[in-house]
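Trainee: would you be able to build a 3D model of this:
(2 chains)
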Amino acid sequence: GAGVSQSPSNKVTEKGKDVELRCDPISGHTALYWYRQSLGQGLEFLIYFQGNSAPDKSGLPSDRFSAERTGGSVSTLTIQRTQQEDSAVYLCASSLPGANYGYTFGSGTRLTVV
Amino acid sequence: GDSVTQMEGPVTLSEEAFLTINCTYTATGYPSLFWYVQYPGEGLQLLLKATKADDKGSNKGFEATYRKETTSFHLEKGSVQVSDSAVYFCALSDRDNAGNMLTFGGGTRLMVKP
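Mentor: Model (predicted):
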């Protein structure tokens, strides 16, 4: 597609429920990244994919968080047994290979756990 | 490891004032440098970039020059507008870093008053 698409744009869920966040990257972008941004805070790296594999999962905050990517395209970030501290904006980005390109970000999913 | 340090905000200016947001970096390799902007309620957008020493990136009246000798990439604009109110992130991508990961600064909030 023309840009990075994330869905849903907003999600309100009850504490303890599972949620799935979706990211559809730009066609041809082999790298995909997930970040979290809490209110008024900077960017917290979660995980990145090169193709379908995730060489760096170091940022996932707990084992309640997991992510997958299929077909080198769409990625899903799953949060199990959500907690109130999971409330944040989850940003996805994709990029071409190479250090000069930077990322293209989606508009994010605002997750609110009540 | 790589790191990016930005001046803390918020930065509050009157319309038509001169803007400087300082950014310095440390990197093990030879990085590319970026400025991203995040308008309220939106994802991050690439504002400008520079890929080698002495390069000047520019866009929408903003400029930043890659200074290898001072490891800096300060963002400047000669005359800010209310519509420039946003959070600005400095970032680097190190060619020696697997996955071309971006390392972000903490962000600087700019508020422009009419």
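
Trainee: at the contact with chain B, which residues of chain A appear?
Mentor: By CB under 8 Å from any CB of the partner chain, the residues of chain A that approach chain B are A:4, A:31, A:33, A:42-43, A:45, A:48, A:50, A:55-56, A:91, A:93, A:95, A:97-108. Just so you know, the C-beta spots here come from the backbone N, C-alpha and C atoms, and that holds for glycine as well.

Trainee: which of those residues fall within strands?
Mentor: Judged by DSSP state E, strands contain the following of those: A:31, A:33, A:45, A:48, A:50, A:55, A:56, A:91, A:93, A:95, A:104, A:105.

Trainee: quick revisit: quick one, which of the residues of chain A next to chain B are buried?
Mentor: For those, a neighbour count by 16 or more other CB atoms under 10 Å in any protein chain shown gives the buried set as A:4, A:31, A:33, A:43, A:45, A:48, A:50, A:56, A:91, A:93, A:95, A:99, A:101-108.

Trainee: about what we covered before: out of the ones in strands among the residues of chain A next to chain B, which one sits closest to chain B?
Mentor: residue A:105 (4.0 Å; CB to the nearest CB).

Trainee: pLDDT-wise, which helix or strand of chain A ranks last?
Mentor: Sorted by mean pLDDT, DSSP states H and E, the helices and strands of chain A end with strand A:53-56, the least confident at a mean of 86.

Trainee: by contact count, what packs against that one?
Mentor: Strand A:53-56 sits against strand A:44-50, with contacts defined as 3 or more CB pairs under 8 Å, 6 or more residues apart in numbering or on different chains; DSSP states H and E.

Trainee: helices and strands around the strand it packs on, which ones?
Mentor: strand A:31-37, strand A:53-56, strand A:65-69, strand A:75-79.

Trainee: pick the most deeply packed of the ones you listed.
Mentor: Highest mean neighbour count among the helices and strands packed on strand A:44-50 (mean count of other CB atoms under 10 Å in any protein chain shown): strand A:31-37, with a mean of 23.

Trainee: show me what that one is in contact with.
Mentor: Where contact means CB atoms under 8 Å, 6 or more residues apart in numbering or on different chains, the residues beyond strand A:31-37 that reach it are A:23, A:25, A:43-50, A:61, A:67, A:69, A:75, A:77, A:88-97, A:103, A:108, B:99-102.

Trainee: 7 Å instead, please
Mentor: A:23, A:25, A:43-50, A:67, A:69, A:75, A:77, A:88-95, A:97, A:103, B:99-100 (CB atoms under 7 Å, 6 or more residues apart in numbering or on different chains).

Trainee: same check on stretch B:62-79?
Mentor: Under CB under 7 Å, 6+ apart, the answer for stretch B:62-79 is B:16, B:18-26, B:33, B:35, B:47-48, B:50, B:52-57, B:61, B:84, B:88, B:90.

Trainee: buried subset of those, written for ChimeraX?
Mentor: Buried residues within the contacts of stretch B:62-79, by 16+ other CB under 10 Å, are selected in ChimeraX with:
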select /B:19,21,22,23,24,25,33,35,47,48,50,57,84,88,90
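
Trainee: okay, and for the chain, where does confidence drop off?
Mentor: Assuming you mean chain A. A:1, A:99 (pLDDT under 70).

Trainee: that's the wrong chain, I wanted chain B
Mentor: If you take pLDDT under 70 as the line, chain B has these spans: B:95-100.
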